[in-house]
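# Model the following, please.
(one chain, ligands or ions: 2)
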Amino acid sequence: MSKLRVAVVGARGRIGSEAVRAVEAAEDMELVAALGRGDRLETLVEAGAQVAVELTTPASVMGNLDFCVRHGIHAVVGTTGWTEDRLAQLGASLDASPETGVLIAPNFSIGAVLTMAFAQRAARYFESVEVIELHHPNKADAPSGTATRTAQLIAAARAEAGLGPQPDATVTALDGARGADVDGVPVHSVRLRGLLAHQEVLLGDEGETLTIRHDSLHHSSFMPGVLLGVRRVVAAPGLTFGLEHFLDLG
Ligand SMILES: NC(=O)C1=CN([C@@H]2O[C@H](COP(=O)(O)OP(=O)(O)OC[C@H]3O[C@@H](n4cnc5c(N)ncnc54)[C@H](OP(=O)(O)O)[C@@H]3O)[C@@H](O)[C@H]2O)C=CC1
Ligand SMILES: O=C(O)C1=N[C@H](C(=O)O)C[C@H](O)C1
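Numbering: from 1, shown residues only. Ligands and ions are numbered 1, 2, ... in the order given. Next comes the predicted model:
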């Protein structure tokens, strides 16, 4: 069986360097390129990459994906910063290259994917819900892509269940005290030395609360999801948003 020819873009970063090691260790993959900032994207074509794992920054990801899609290189994307406008732009590129697949995974760890699924499922039963994400202090964006996606899923589930706005009698508050508002769900961001990537979803109703917590303790937690994405994206043309689409969550 021929090996999948895989490149990593953002290969010297925190998750990118871990992805390089994971691809090198995978028996069914060959690492054909490892690009850092300033390296030529044409290397991907010269190296015959079938899949590019994109782990850079919100400022770089759109240009990198545009190049990959135009050249028929499938992409597995962990980089954050996705908005409706960006997704529409990527969708237009994919329309012109219909056999190419792009997976965007707000989080590659199975525990985080399950957290999102459990929170989405629980949301309809609770009047109140807030999300707290906690990360290392070198993280560039807030809130995290995972927390934003979690809040969007919760908000959609609440709307589908006919729930209205959350109870909150706050009249005065310091700026930021109630967190960021993501579709009506408060999201609070903690940046703390010693942490890596953590999230709590707090749900509350009369006389009870439910807390769903996930902790990524090492970047290795993301690697099974990255490798699964690489294996599956080659047979999934178009845009797939969320690793859950490649998992059987029952
Ligand atoms: N989906 C998931 O499960 C996960 C997603 N992430 C996300 O991945 C992204 C990267 O995170 P992290 O590794 O911590 O960040 P880092 O800053 O450690 O890594 C980003 C790397 O990308 C490089 N880079 C920037 N632009 C380019 C470019 N155009 N071409 C090639 N390389 C480039 C940077 O180089 P330089 O240092 O020179 O700027 C840096 O080495 C973030 O958006 C983060 O939120 C992180 C962990 C898990
Ligand atoms: O920057 C990180 O570290 C992480 N970024 C992703 C996010 O913003 O959700 C995934 C994970 O939380 C780690």
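# what is the mean pLDDT for the top helix by length along the chain?
As assigned by DSSP state H, the longest helix anywhere in the chain is helix 145-160. Averaged across helix 145-160, pLDDT comes to 98.
# And it, what's buried?
145-155, 157-158 (16 or more other CB atoms under 10 Å). No exception for glycine: its C-beta is placed from N, CA and C like everyone else's.
# and ligand 2, which of those contact it?
G145, T146 (CB under 6 Å from any ligand atom).
# what's next to the longest helix of the chain, contact-wise?
80-82, 106-107, 112, 115-116, 119-121, 123-124, 129, 131, 133, 143, 182-185, 187, 189, 197, 199, 201, 242 (CB atoms under 8 Å, 6 or more residues apart in numbering).
# Which among those residues count as buried?
Looks like those have 80, 82, 106-107, 112, 115-116, 119-120, 123, 129, 131, 133, 143, 182, 185, 187, 189, 197, 199, 201, 242 buried, using 16+ other CB under 10 Å.
# so D85 is in which element?
helix 84-95 (DSSP states H and E).
# A92 - how many residues pack around it?
11 (other CB atoms under 10 Å).
# An error on my part: the question was meant for T211.
T211 has 10 neighbours, counted by other CB under 10 Å.
# Contact partners for the residue lying closest to it once chain neighbours are set aside?
Using CB to CB, 6 or more residues apart in numbering and skipping the chain neighbours, the partner closest in space to T211 is L202 (5.5 Å). For L202, the contacting residues are S128, V129, E130, V131, I132, T209, L210, T211, by CB under 8 Å, 6+ apart.
# near ligand 1, which residues of the chain show up?
Within reach of ligand 1 by CB under 6 Å from any ligand atom, the chain has these residues: 9-10, 12-16, 35-37, 55-57, 60, 64, 78-80, 105-108, 145, 222.
# and the residues you listed, which are buried?
9-10, 13, 15-16, 35, 55-56, 64, 78-80, 105-108, 145, 222.
# Return the list of helices and strands in contact with the helix or strand just after the helix holding D85.
Downstream of helix 84-95, the first helix or strand assigned by DSSP H and E is strand 101-104. Counting contacts by 3 or more CB pairs under 8 Å, 6 or more residues apart in numbering; DSSP states H and E, strand 101-104 packs against helix 58-70, strand 74-77, helix 223-233, strand 238-241.
# Which elements pack onto the third one?
In this structure, helix 223-233 makes packing contacts with strand 4-9, helix 14-25, strand 51-54, strand 74-77, strand 101-104, helix 110-122, judged by 3+ CB pairs under 8 Å, 6+ apart.
# Rebuild the ones you listed as CSV, extending it with mean pLDDT.
Shown next, in CSV, are the helices and strands packed on helix 223-233 (pLDDT from 0 to 100):
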stretch, mean pLDDT
strand 4-9, 98
helix 14-25, 98
strand 51-54, 98
strand 74-77, 98
strand 101-104, 98
helix 110-122, 98
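# any idea how far the residue nearest to A157 when sequence neighbours are not counted is from A151?
Here the nearest residue to A157 in space, its sequence neighbours aside, is A123; by CB to CB, 6+ apart that works out to 3.9 Å. Distance, A123 to A151, using CB to CB, to the nearest Å: 10 Å.
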